[in-house]
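1. coordinates for the following, if possible.
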Amino acid sequence: MSGVDTGGAVPDEATGGQEAAPETGVSVLTPRDVPLGGPRAMTVRRTLPQRARTTIGAWCFIDHYGPDDVTLTGGMDVAPHPHIGLQTVSWLFSGEIEHRDSLGSHAFVRPGELNLMTGGHGISHTEVSTPGTTVLHGVQLWVALPGEHRDAASDFRHHAPDPVHLDGAVVRVFLGTLAGDTSPVPAFTPLLGAEIVLEPGATTTLATDRSFEHGLLVDVGSVRMNGTPVRGAELGHLGPGHDEVTLTNETDAPARAVLVGGTPFEERIIMWWNFVGRTHEDISRAREDWEHGTRFGVVEGYDGDPIPAPQLPTTRLKPRGLPR
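-> Next up, the predicted model:
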């Protein structure tokens with residue numbers, strides 16, 4: 001998915017943070033609506049980045065979309081676009097997306113299956129919902145690569161995790177380790193990513209790495225994270241220092257959420273368009289390379305023109321992130 005914010009690491013309008021509840025340590029971030037473009041733009045709900053928080057571990061971008069009736073919106077049709085310095089993580093709840101990239105990868109994103117693409121020094125790709133898709137619903141997340149790996153070789157991985165059945169919950173671990181399961185997909189920093197479905201009224205307690213901070217994006221229902229309510233489309237944040245997280249479904253229907261986590265990302269970054277860099281020059285060079293058809297390769301099999309890069313702002317881009 002192509003980002004649409006071009007003003008630096010955190011857009012000015014991203015103001016949805018709240019203070020952590022003192023009794024639980026959980027803060028709640030509210031989303032803002034972002035249209036992805038076009039006459040029938042599909043709107044996504046963006047909870048990361050924003051002023052209150054730019055990263056959770058190395059997770060630096062969270063878009064949540066759907067349920068989206070593609071007969072009304074046209075679905076997803078994202079033309080070739082570039083990435084540097086990050087990994088894209090695609091996870092669906094319903095529908096299907098066709099992925100093509102400049103490595104020659106051709107894959108499908110389906111519910112319960114991870115597609116992870118490493119941009120590193122540079123990659124380009126397309127994302128198109130398939131003709132058989134009627135309802136599109138899922139999340140798109142980005143992971144910032146640490147400085148020593150930000151120019152890593154491009155890569156693409158697919159993984160379909162087996163469900164882990166707990167008392168009152170089903171967990172699918174797509175990155176890291178949780179509930180006794182470990183994803184085989186490697187990461188450049190300590191990370192966690194998992195889908196959790198809670199039965200009506202159920203409570204489950206999950207052992208967590210106390211060096212991690214965690215974020216809980218609620219997709220369906222309302223879930224208490226260590227006692228703090230997190231409603232649909234909101235993102236609960238819990239800082240490091242906790243050995244477990246307790247999730248309670250407050251509703252009489254199944255609730256679904258995505259739990260992400262990682263060790264705090266101790267680097268300042270610039271997020272502009274589809275790029276993660278450290279300096280204005282990083283971003284400017286990547287933009288010029290994209291506009292001149294170098295560095296990012298070619299996506300075969302997509303009928304349409306690449307997305308042109310937006311203009312850089314007249315002021316220098318500055319890294320943001322710390323302090324917390």
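
2. just want the most central residue of the protein.
-> L141 (1.1 Å; C-alpha atoms, centre = their mean).

3. secondary structure element holding it?
-> For L141, the element it lies in under DSSP states H and E is strand 135-144.

4. which stretches in the stretch 51-200 of the chain count as strands?
-> All strands of the stretch 51-200 of the chain, identified by DSSP state E, counting those that start in this stretch, fall at 59-69, 77-83, 86-94, 97-101, 106-109, 114-118, 123-129, 135-144, 155-159, 164-166, 169-175, 177-178, 181-182, 191-198.

5. bridging residues for L48?
-> Listed beta-bridge partners, L48: I62 (assigned using DSSP bridges).

6. doesn't H64 make contact with it?
-> No. If you go by C-beta atoms under 8 Å, L48 and H64 don't touch, sitting 9.9 Å apart. In this view, the C-beta of every residue, glycine as well, is placed from N, C-alpha and C.

7. circling back to that earlier point, P306 is nearest to which of the strands of the stretch 51-200 of the chain?
-> Smallest distance to P306 across the strands of the stretch 51-200 of the chain (C-beta to C-beta): 4.1 Å, for strand 77-83.

8. contacting residues around the closest one?
-> 1-2, 36, 38, 117, 119, 122-129, 274-275, 286, 289-290, 295-296, 298-299, 302, 304-307, 309 (C-beta atoms under 8 Å, 6 or more residues apart in numbering).

9. hmm, 6 Å instead?
-> 1-2, 119, 123-124, 126-128, 274, 290, 296, 299, 304, 306-307 (C-beta atoms under 6 Å, 6 or more residues apart in numbering).

10. so what's E195 up against?
-> E195 is in contact with R172, V258, counting by C-beta under 6 Å, 6+ apart.

11. and it, how close does it get to R285?
-> Between E195 and R285 the computed distance is 37 Å (C-beta to C-beta, to the nearest Å).

12. gap between T279 and R150?
-> Distance, T279 to R150, by C-beta to C-beta: 11 Å.

13. name the nearest residue to F188, ignoring sequence neighbours.
-> Leaving aside its sequence neighbours, F188 sits nearest to H149 (C-beta to C-beta, 6 or more residues apart in numbering; 4.6 Å).

14. what about that neighbour, neighbour count?
-> 14 (other C-beta atoms under 10 Å).

15. just checking, it touches T189?
-> No. Using C-beta atoms under 6 Å, H149 is not in contact with T189, being 8.5 Å away.
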